[in-house]
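Undergrad: From the sequence below, what's the structure:
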Amino acid sequence: MSVEYLTNKSSRFRLQQDVYELQRSLVLELELRTVLLTAMEYYSNEEFPNQTLISHPHKVCKDISNLKTKITDLEKEVEKLNSQLIKERAQTDVVLEDKLKKESIVVKNPKFLPHPNMVSEEMVQSMKTIFITLSESSSDGSSSSSFHLSHGKIPNWFGIQGKLCSEDIGHYRLGIEVSWMSVEKKHLNLAAKELRRYRCLIQQLGKINPLNLKYDEKLAFWINLYNALMMHAYIAYGVPTSDHKLLSLMQKANYTVGGHTFSAAAIQYVVLRIKTRAFLCLDDLHHDKLKVRKEQRKFSIKAEPLVTFALSNGMFSSPAVRIYSPGSIRKELEEAQRDYIRASVGLSMKEQKLLVPKLVHCFFARRKVADGSNLPCWICQFLFPNSNSHQTPDKHGSSSYVVLSHDSHFRYIFLP
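TA: Numbers count the residues shown, from 1 in each chain. Take a look at the predicted model:
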């Protein structure tokens, strides 16, 4: 909104106030004149032995004459202000018309459209705000739906018994947890403003074209979009009660990007080409079951394995959500892998075995580490980066670790 527009609007408001005050004064003056004239007529028809009550008739007449003059002046002033107000309104209409024309040009000209990465980043931030609002507003005191970490406390995010006391779990140390929320109307009303903002972002999403982006820009864009879409799906359809219903949710939830519709499943398996088997339902997913249009395949990008640690399905064992930016996407993905491993891997003190989440195990199995390291050695590179090999677990091979099953209970962790 331009400064000129605000100035005109303020000026018009002041003029309206002046007109109102003058009209009010005019009414009062007219009422006073009527009272005085009535009084003179009344006294002129009465006989008073004592004429002191009307001892100054000439003065009263003079006052009335002055009132008439003042009323005439006020009427002229009101007419003048009304004329000025009409001109102000005409000027405001011209300013608004120019503003609408400029906005129309911005919408039609792709050069003025918001950058796709900016839209996707804003979507994640907006959805994070909505989730935390719904969580805090629906907390009944019986369980903590939103958990803010305190300084100096190392959290056990994944409830691992015998959790390794790693002093550095990266961004997970400052995470915020949402494990329950309400989407009842009275709670949604508290997030109404942010929900309206999110709908505007979805509309912008339909006008952008990610095909022209560089690889790192595409990578960050689709990761952010996937996470925002999954969160939106939970609000729209509720929390799925099984892995197979989660898969159905991933295929049902979709956004329109540049005129093409993409479901969460299509973004993960077709665009990002991430085929994680971290939980059972995805073992049943085959490409012949996933409906993929030819137009969608042209959006596919080169697979980046580390994206596994950036996508969140809203389950207890899922990685945390953070905003990914194209300028530092490589570094951010490496941090996502390192921090997830440090936050989720445990150690059985009794059996001296590593407790490994299924997501980490599946990632390692599919990655097939080039240096030939076994899983425990590979994990210990993240847990003890400055330690010698003799400080890592003594046992090697499959007997030195236990794979933990994927916990599909609802939970989101939001990182700064």
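Undergrad: Check what pLDDT the closest residue to G258 other than its chain neighbours gets.
TA: Leaving out its chain neighbours, the residue that sits closest to G258 by C-beta to C-beta, 6 or more residues apart in numbering is N209, at 4.4 Å. Placement of C-beta: from N, CA and C, glycine included. Listed pLDDT for N209 reads 91.
Undergrad: ok, N209 - how many residues close by?
TA: 14 (other C-beta atoms under 10 Å).
Undergrad: ok, now Y215?
TA: Neighbours around Y215, by other C-beta under 10 Å: 12.
Undergrad: Touching, it and I301? I think so.
TA: Yes: counting by C-beta atoms under 8 Å, Y215 does reach I301; the two are 6.5 Å apart.
Undergrad: Let me see the domain layout of this structure.
TA: 3-111, 116-337 (automatic domain parsing).
Undergrad: Double-check that V356 belongs to a helix.
TA: No: counting by DSSP: H, G, I helix; E, B strand; the rest coil, V356 is not part of a helix but strand.
Undergrad: distance of it from I169?
TA: Look at V356 and I169: by C-beta to C-beta, to the nearest Å, they are 16 Å apart.
Undergrad: Please apply the same query to V360.
TA: 14 Å.
Undergrad: of those two, who's got more company?
TA: V360 (26 against 21).
Undergrad: Please, which helix or strand holds that one?
TA: helix 358-367 (DSSP states H and E).
Undergrad: So which elements touch that helix?
TA: Using 3 or more C-beta pairs under 8 Å, 6 or more residues apart in numbering; DSSP states H and E as the contact test, the elements touching helix 358-367 are helix 329-344, helix 375-383, strand 401-404.
Undergrad: and that helix, how far from the chain's centre?
TA: Centre-to-centre, helix 358-367 and its host chain are 32 Å apart (C-alpha atoms, centre = their mean, to the nearest Å).
Undergrad: which residues touch the residue nearest in space to the middle of the chain?
TA: When C-alpha atoms, centre = their mean is applied to the chain, the residue found nearest the centroid is S126 (0.8 Å). By C-beta atoms under 8 Å, 6 or more residues apart in numbering, S126 lies in contact with 194, 197-198, 201, 228.
Undergrad: and which of those is nearest to V60?
TA: Closest to V60 out of the contacts of S126 is R197 (66.7 Å), distances taken as C-beta to C-beta.
Undergrad: Let's test this: name the helix or strand in the chain with the lowest mean pLDDT.
TA: Sorting the helices and strands of the chain by mean pLDDT, DSSP states H and E puts strand 146-148 at the bottom, at a mean of 42.
Undergrad: ok, then the element right after it?
TA: strand 176-178.
Undergrad: Given that next one, what are its sheet partners and their directions?
TA: With DSSP bridges as the test, strand 176-178 is paired with strand 146-148 (antiparallel), strand 412-414 (antiparallel).
Undergrad: Distance of the nearest residue to Y412 once chain neighbours are set aside relative to L229?
TA: Among residues not flanking Y412 along the chain, V178 sits closest, at 4.7 Å (C-beta to C-beta, 6+ apart). Separation of V178 from L229 (C-beta to C-beta): 17 Å.
Undergrad: and if you look at V307?
TA: Applying C-beta to C-beta to V307 and L229 gives a distance of 15 Å.
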